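>>> Give me the fold of what follows.
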Amino acid sequence: MTFREAFSIIDKNRVSAKSDIFSGLTVALALVPEAVAFAFVAGISPIIGLYGAFMMGLITAVFGGRPGMISGATGALAVVMVSLVAEGEAMGEGQGLQFLFATLILTGIIQMSAGVFKLGKFIRMVPHPVMMGFVNGLAIVIFMSQLGMFKSGGEWLTGSSLLIMLGLVLLTMAIMVVLPRINKGIPAALVAILVVSAIVIFGGVETATVKSFIQDGGGDGIKAGLPTFNVPLISLNWETLQFIFPYALILAAIGLIESLMTLNLLDELTETRGNGNRECIAQGLANLTNGFFGGMGGCAMIGQSIINVKSGGRGRLSGVVAAVALLAFILFGSEYIEMVPIAALVGVMFMVVIGTFAWSTFKIVNKVPKSDVIVIVLVTGLTVLFDLAIAVFAGVIVSALVFAWENALRIRARKSIDEHGIKHYEIYGPLFFGSVSLFNSKFEVKEDPNKVIIDFKESRIMDQSAIEAINKLAEKYQKEGKNLHLRHLSQDCIRMIKKAESICDVNVVEDPDYFVAIDNFNKYKAAEA
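Prediction:
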């Protein structure tokens, strides 16, 4: 077994309900410290983070567009919530939480609207280099977040405490590597957590546990009752909307970007296809529910999702089991879950880091365009330094600019004069804002004969800049008393160029069919069948 195989054991085939159940239990154990930690980051009670993870996980597992994907409280949203809660508290004691819940309701409405209007398909516009930078950045972020577990009271562990922690982490990782070689049907992550927990509990080993972690953060424990329905106690007026709307928009954008990109990643890992628009609706419904039932909200979690698929979770049952098990921990099993050593959970997350990072990045550095390498590094760095939304937007923008620049240089014109003395310009390459200048330089208006034909059979008119360029070119020929004709325009190009109808001689017989979205192509094929 190679290094890559050892750390990326993902069975692409659909597995049994038993695997879904075991993987769900593993994810539930890993969710506890994550939800608690992100609640501390946001400055709210740990139980609010746990409630949020439960409701996000359950609703998205049942209604989401990607079976096997796990949602819960996330750090990407928690860092935004810090300012929201702090500003809300400044307006009155206890108002911070109320504003958070109200914002989550609005966040849910925005996300559900994105799904209803089918905006989820725009995730297809994210280039592969951005995707690689995304997974690399998140792997680094997950790794850095686990380093905080090696602290106690704000100070780094030293001496025997550090050695014990490292030993238990390495033991967890070793079990997860070795066990699948013996029997792939055994849930390696769950067994590793149970074995390390048994060693700590029955061996009397002094190390950090879930309980001590919560107490260090100022909490008491994870035991609580069922979440209850409450309407946020805030004033419904224009000032309130002005305050919460920007936060809701940011939370909705970050949540959907991280969820849809995680969905795409799992699609690649499992060689299946999720539904982005359905996931948008499910994410929105989950955040809306959190707002009314006192959870901190969230989005898809790449770390827990990778744990799930590595443990064999493929169906919706795995997400449902994870959420229900988490609620059971809160209601009945808190004293047992609080005994689980942090080292075991850290070991599992370190395996997630190794499995998530795109190690192929180092192999392709000298094999892909430099622009792609720059995008990968840029997105990775911005994900670590800022947040996912900024990183993805920056990566897409840079990729788009590079694409525009390269295509702007590809516009070409083949010139010829037929037996009737008519000059033909056969255009190759897309005509858009970036290629307009080069397009204009191809024509010899003063030297051309009285009749000129521009053939767009191998080209496309892409935007308003292209239309204006053609109109101005037509004006130049008209001033010289010459006739200009455009041919072989596709139907969508014809609609765009209505302004130039008086100068167009359009032959649509040989025009090809263009499919802007795969959805339209599927409808076309279905009708054809």
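
>>> Which residue ranges of this protein form strands?
71-72, 151-152, 155-156, 299-300, 412-417, 423-431, 451-461, 483-487 (DSSP state E).

>>> Using a markdown table, lay out the ones you listed together with mean neighbour count.
For every residue, glycine as well, the C-beta is placed using N, CA and C. Shown next, in a markdown table, are the strands of the chain (neighbours: other C-beta atoms under 10 Å):
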| stretch | mean neighbour count |
| --- | --- |
| strand 71-72 | 34 |
| strand 151-152 | 14 |
| strand 155-156 | 8 |
| strand 299-300 | 30 |
| strand 412-417 | 13 |
| strand 423-431 | 19 |
| strand 451-461 | 20 |
| strand 483-487 | 20 |
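
>>> could the ones you listed be laid out in TSV, adding distance to L288?
Formatted as TSV, the strands of the chain follow (distance: least, C-beta to C-beta, whole Å):
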stretch	distance to L288
strand 71-72	14
strand 151-152	36
strand 155-156	41
strand 299-300	13
strand 412-417	53
strand 423-431	42
strand 451-461	42
strand 483-487	51
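
>>> For I164, which of those is the nearest?
strand 151-152 (11.9 Å; C-beta to C-beta).

>>> Tell me who's in contact with the closest residue to I48 other than its chain neighbours.
Nearest residue to I48, sequence neighbours excluded (C-beta to C-beta, 6 or more residues apart in numbering): M296, at 5.0 Å. By C-beta atoms under 8 Å, 6 or more residues apart in numbering, the contact list for M296 reads 38-39, 42, 44, 48-49, 51-52, 73, 77-78, 81, 100, 104, 290.

>>> circling back: including mean pLDDT, could the strands of the chain go into a markdown table?
Formatted as a markdown table, the strands of the chain follow (pLDDT from 0 to 100):
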| stretch | mean pLDDT |
| --- | --- |
| strand 71-72 | 93 |
| strand 151-152 | 83 |
| strand 155-156 | 88 |
| strand 299-300 | 92 |
| strand 412-417 | 92 |
| strand 423-431 | 91 |
| strand 451-461 | 88 |
| strand 483-487 | 84 |
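
>>> Which of those strands sits closest to G133?
Using C-beta to C-beta, those put strand 299-300 closest to G133, at 17.7 Å.

>>> Can you pull out the residues in contact with that closest one?
Counting by C-beta under 8 Å, 6+ apart, 56, 60, 66, 69-71, 74, 76-77, 254-256, 258-259, 262-263, 279, 283 sit against strand 299-300.

>>> Among those residues, which lie within helices?
56, 60, 76-77, 254-256, 258-259, 262-263, 279, 283 (DSSP state H).

>>> Hmm, F38 is touching T74, no?
Yes - in this structure F38 lies within contact range of T74 using C-beta atoms under 8 Å: 6.4 Å.

>>> hang on, the earlier thing: of the strands of the chain, which is nearest L226?
strand 71-72 (17.7 Å).

>>> And the helices in the stretch 201-350 of the chain?
Secondary structure of the stretch 201-350 of the chain (DSSP state H, counting those that start in this stretch): helices at 210-216, 238-270, 276-293, 302-310, 316-331, 334-337, 342-356.

>>> Any idea which of the ones you listed gets closest to Q146?
Nearest of those to Q146, taken as C-beta to C-beta: helix 342-356 at 5.1 Å.

>>> And that closest one, what does it pack against?
Contacts defined by 3 or more C-beta pairs under 8 Å, 6 or more residues apart in numbering; DSSP states H and E place helix 342-356 against helix 3-7, helix 17-42, helix 128-147, helix 159-182, helix 188-203, helix 210-216, helix 302-310.

>>> can you redo those helices as CSV with mean neighbour count, distance to L484 and mean pLDDT?
Listed next are those as CSV, based on neighbours: other C-beta atoms under 10 Å; distance: least, C-beta to C-beta, whole Å; pLDDT from 0 to 100:
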stretch, mean neighbour count, distance to L484, mean pLDDT
helix 3-7, 13, 59, 43
helix 17-42, 24, 63, 84
helix 128-147, 21, 41, 85
helix 159-182, 16, 69, 92
helix 188-203, 19, 68, 90
helix 210-216, 19, 74, 84
helix 302-310, 27, 55, 85
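
>>> Kindly reformat those helices as JSON lines containing distance to G395.
Below are the helices and strands packed on helix 342-356 laid out as JSON lines (distance: least, C-beta to C-beta, whole Å):
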{"stretch": "helix 3-7", "distance to G395": "25"}
{"stretch": "helix 17-42", "distance to G395": "25"}
{"stretch": "helix 128-147", "distance to G395": "4"}
{"stretch": "helix 159-182", "distance to G395": "31"}
{"stretch": "helix 188-203", "distance to G395": "31"}
{"stretch": "helix 210-216", "distance to G395": "34"}
{"stretch": "helix 302-310", "distance to G395": "16"}
